[in-house]
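Undergrad: Dropping the sequence and predicted coords here.
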Amino acid sequence: MGAPPEQVGTRVFTIFLQDPYAPLTVANPKLVLGDTNMNRVCIIATLSFMVQLAAAQSTVVAPTLSMSGNELQSAIKSAQSRAQYKQLATHYRQQEAIYRAKATKEKIEEERREKVNAASYQKYPRPVDSSRYRYEMFSSDADHAAVQAAHWDQLASGTP
């Protein structure tokens, strides 16, 4: 067998911080007791990681002209000018883009689930089937939105 960690090479101290599943292993006891240079390095590394994480989470989202169901229905009923037609076409183009993005994510998830070598005794629907159905649903919704956008673009351009 091997010697305990305290007897091998440099001394290793394991400190459990309130949670026994979160050990902090340190190769030098001076680091735990307050080596200021190492503390600075740890603080800088932690802050840079947090800044990168925050930057990744705060992606810039283009403003959308989303309408609720009731607003959309009233806009469709009252649309009489080219500007209103363009607004409806823009709404449906945005919906198409949203559904295409969701379909892409589901296609990736379906491919990932297909790679899982699951047993043949899985109950229906299998996870891969669920992903495939969601992909088909989002693709169908995107196609429907594209048809609607083309219709409203045609009305906005004034060609029958």
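TA: Looks like it came in fine. Residues are numbered from 1 along each chain as shown.
Undergrad: the strands in this structure, which residues?
TA: 13-16, 23-26 (DSSP state E).
Undergrad: Where does the prediction get shaky in the protein?
TA: Along the chain, the model assigns pLDDT under 70 to residues 1-36, 38, 42, 47-51, 53-65, 117-120, 160.
Undergrad: what's the domain layout of it?
TA: As assigned by automatic domain parsing, the chain contains the domains 5-57, 69-157.
Undergrad: Okay, now the last one: how far is its last residue from its first?
TA: Domain 69-157 has an end-to-end distance of 25 Å (C-alpha to C-alpha, to the nearest Å).
Undergrad: Now do the buried residues in the longest helix along the chain.
TA: Identified as the longest helix of the chain according to DSSP state H is helix 82-115. Neighbour-count burial for helix 82-115 flags 84-96, 98-100, 102-103, 106-107, 109-110, 113 (criterion: 16 or more other C-beta atoms under 10 Å). Placement of C-beta: from N, CA and C, glycine included.
Undergrad: Next one: R113 relative to S139, how far apart?
TA: The spacing between R113 and S139, counted by C-beta to C-beta, to the nearest Å, is 17 Å.
Undergrad: do the same with T159
TA: Distance, T159 to S139, using C-beta to C-beta: 28 Å.
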